[in-house]
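>>> Sequence first, then the predicted structure, then my questions.
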Amino acid sequence: LPLLLTLLPQTEPPDDTIPPPSPPATPEERLAEARRVELARRQAKVTPALTAVLVFIGLFLALGLVQTTVDDSFISLRYSANLARGLGLVYNPGEAVEGFSNPVWTLTSALFLALGADGWLTVKALGLLSHAALIAGTVRLALVLGRPNDGVALGAAILGAALAALSHPLTFWAVQGLETPMYSALLVWAMARLWQEEAEPERLPVSAVLLSLAAISRPEAPLLCAPIVLARAYRWTKDGDLPGLLLWLALAIGPGALYLMFRVMTYGEILPNTFFRKGDKGFNLDLTLGYLAPWLRLEWPMVSVAGLALLASPFVLGARAIPVLGVLFAQLVFLVVAGKDWMWSGRFVAPIIAPLAATVGAVGAVLVSRLNPQTAGRGVLAALAAVLVAQGLLSVPTASFRGVGETAVIKRREANQWAPMSFSAPHTGLEWAASFIIERARPGELIAYTEIGVLGYVTDHPILDLGGLVDPNLSGAKGLSDEEERAYVHSRRPA
């Protein structure tokens, strides 16, 4: 979607009443202009090829994990399937509960299911396409922020962005059937497009559309989108274009407001039911540090150079650093409040990895431009290449069915009736449970279970979710005590 949106017309029709800009007056100015045009021409040829190489590497690594699928992805798929069948955006027909936390992903999947696509193949394809868009967006963001003015600076920007293609969390979540790659891609492209629109005000406000989709991709997404809105407001303080700002805000906030109205009217809640079920709300710094530790141990080369780049970014990039710093701070605040995520491999780290990689590339490009490209500039390039190699040696081997920070080893299985691989605790019994219910349960019988992803998607039975994701009586949304929850479960009389 971000790549398709960039194909929209970018300029207004020419105005013959505006005289063309006058050519540079002095020989030095003409020479500088010729060099700028030549550099732009070379970048236009080289950048797509280098981006394609990074996308190929990222997809190659992700395909090594394509046989794994997080069980929760099938919860969203059941919502999508019911919507495609005309039953509404519900898990159990007739029960209006928002038990998913990825509206854009779920609605997009429903569109393809309505067209007759297979559910499992749909989420895999969407994840891989989003991963490709994320890597391409990282390159674009690095170039927009760094504005390289020679080949060495361009190389620095590309090398920094390449860190995203090798990152294990991004690789892992590209094929798990959840919204992480799409959400991350929307954020990166929104930031990249925002600064493109500042440099060329005649461009359409596509960044607002991208941001609006990102804002309803996750419950915490508005927190991460706020710094990008602030960056757009900062641009207004410079250009004074109030109508342009109001149009941008309407496009960025309008879809989220409409979805909030839909949520209240359909589910009767301002927040999704998953908000009450997941995480330990409060100030959980110890849990957050424990959650980040595996990622920091695995990707310390990238984290180290990214930390230096972030410290330098306000001085090197100026106002262009606002969205990246803001998104990073917002995600850290969310992690401190949420405390943890039961899913492994850094799912809540993934949205900040691409902005970090782009910042490394952008700061490197600016430093190369300010230094002598033939001496110190090449030293910066060599340092970034060394970091990239070190990160690759650490991250690439993990793309082999290993969860970061988890003791469970995910075993490859050749035969799986419902998906090439699905797992969740207890991941070894999900397919057996689904087969058992299909063979022995009577049609329409209520099934009570905790891991309801594959089980609910392939059996099509009404499900009593003992984990509470799709049941407000068991999620904590209604504040029931343990005794009241047990009484509620018995009153439903599951088979």
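Yes, it's here.

>>> alpha carbons only for contacts and neighbour counts from here, please
Fine.

>>> distance of residue 247 from residue 232?
Between residue 247 and residue 232 the computed distance is 12 Å (C-alpha to C-alpha, to the nearest Å).

>>> what about the two, which has more around it?
A count of neighbours by other C-alpha atoms under 10 Å puts residue 232 above the other of residue 247 and residue 232, at 22 against 12.

>>> Give the buried residues for the helix or strand harbouring that one.
Mapping residue 232 onto the secondary structure by DSSP states H and E places it in helix 221-239. Judged by neighbour count (16 or more other C-alpha atoms under 10 Å), helix 221-239 contains these buried residues: 221-229, 231-233, 235-236.

>>> coming back round to it: spit out the residues that contact residue 247 and residue 232 alike.
Residues touching both residue 247 and residue 232 (C-alpha atoms under 8 Å, 6 or more residues apart in numbering): there are none.

>>> Low-confidence bits of this protein, can you list those?
Within the chain, the segments meeting pLDDT under 70 span 1-25, 28-29, 31-33, 35-36, 39, 278-282, 344, 373-374, 398-431.

>>> where along it do the strands fall?
For the chain, the strands defined by DSSP state E cover 447-449, 463-465.

>>> Sheet partners, orientation included, of the first one?
By that I understand strand 447-449. strand 463-465 (parallel) (DSSP bridges).

>>> got a list of contacts for the partner strand?
So strand 463-465 is contacted by 92, 446-452, 456, 471, 474, 489, 494 (C-alpha under 8 Å, 6+ apart).

>>> now with 6 Å?
Here strand 463-465 makes contact (C-alpha atoms under 6 Å, 6 or more residues apart in numbering) with 446, 447, 448, 449, 450.

>>> give me the number of residues near the fourth one?
Okay, so that is residue 449. Residue 449 is flanked by 16 other residues according to other C-alpha under 10 Å.

>>> Quick one, which of the strands of the chain gets closest to residue 349.
Nearest of the strands of the chain to residue 349, taken as C-alpha to C-alpha: strand 463-465 at 27.7 Å.

>>> in the closest one, what counts as buried?
Of the residues in strand 463-465, 463, 464, 465 count as buried by neighbour count, 16+ other C-alpha under 10 Å.

>>> Looking at those, spot the one nearest residue 354.
Closest to residue 354 out of the buried residues of strand 463-465 is residue 465 (34.9 Å), distances taken as C-alpha to C-alpha.

>>> Write down the beta-bridge partners of the closest one, one by one.
residue 449.

>>> Which helix in the protein has the most residues?
Scanning the chain for the longest helix, with DSSP state H as the assignment, gives helix 27-63.

>>> Just the buried positions in that helix, please.
39, 43, 47, 50-51, 54-55, 57-59, 61-63.

>>> For the contacts of strand 463-465, which single residue is the most surrounded?
In terms of neighbours by other C-alpha under 10 Å, the contacts of strand 463-465 top out with residue 447 at 22 neighbours.

>>> tell me the contacts of it?
Residue 447 neighbours (C-alpha under 6 Å, 6+ apart): 463, 464, 494, 495.

>>> If we ignore the residues flanking it in sequence, what's nearest it?
Excluding the flanking residues, the one nearest residue 447 by C-alpha to C-alpha, 6 or more residues apart in numbering is residue 463, at 4.9 Å.

>>> Residue 190 too?
Nearest non-adjacent residue to residue 190, counting by C-alpha to C-alpha, 6+ apart: residue 207, 4.6 Å away.

>>> any idea how far residue 205 is from the closest residue to residue 208 other than its chain neighbours?
Closest residue to residue 208 apart from its sequence neighbours, by C-alpha to C-alpha, 6+ apart: residue 252 at 4.4 Å. According to C-alpha to C-alpha, residue 252 stands 9 Å off from residue 205.

>>> same question, residue 314
Counting by C-alpha to C-alpha, the gap from residue 314 to residue 205 is 25 Å.

>>> Check residue 111 too.
Distance, residue 111 to residue 205, by C-alpha to C-alpha: 25 Å.

>>> what's the answer for residue 358, then?
Residue 358 is 22 Å from residue 205, by C-alpha to C-alpha.

>>> sorry, back to before: residue 314 and residue 205: which is more packed in?
residue 205 (23 against 15).

>>> and the more buried one, backbone torsions?
Residue 205 adopts backbone torsions of phi -80, psi 60, taken as degrees, to the nearest 10.

>>> quick revisit: export the buried residues of helix 221-239 to a markdown table and tack on distance to residue 126?
Formatted as a markdown table, those follow (distance: C-alpha to C-alpha, whole Å):
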| residue | distance to residue 126 |
| --- | --- |
| 221 | 19 |
| 222 | 23 |
| 223 | 25 |
| 224 | 22 |
| 225 | 22 |
| 226 | 26 |
| 227 | 27 |
| 228 | 25 |
| 229 | 27 |
| 231 | 29 |
| 232 | 29 |
| 233 | 32 |
| 235 | 33 |
| 236 | 35 |
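
>>> Fine, thanks again, bye for now.
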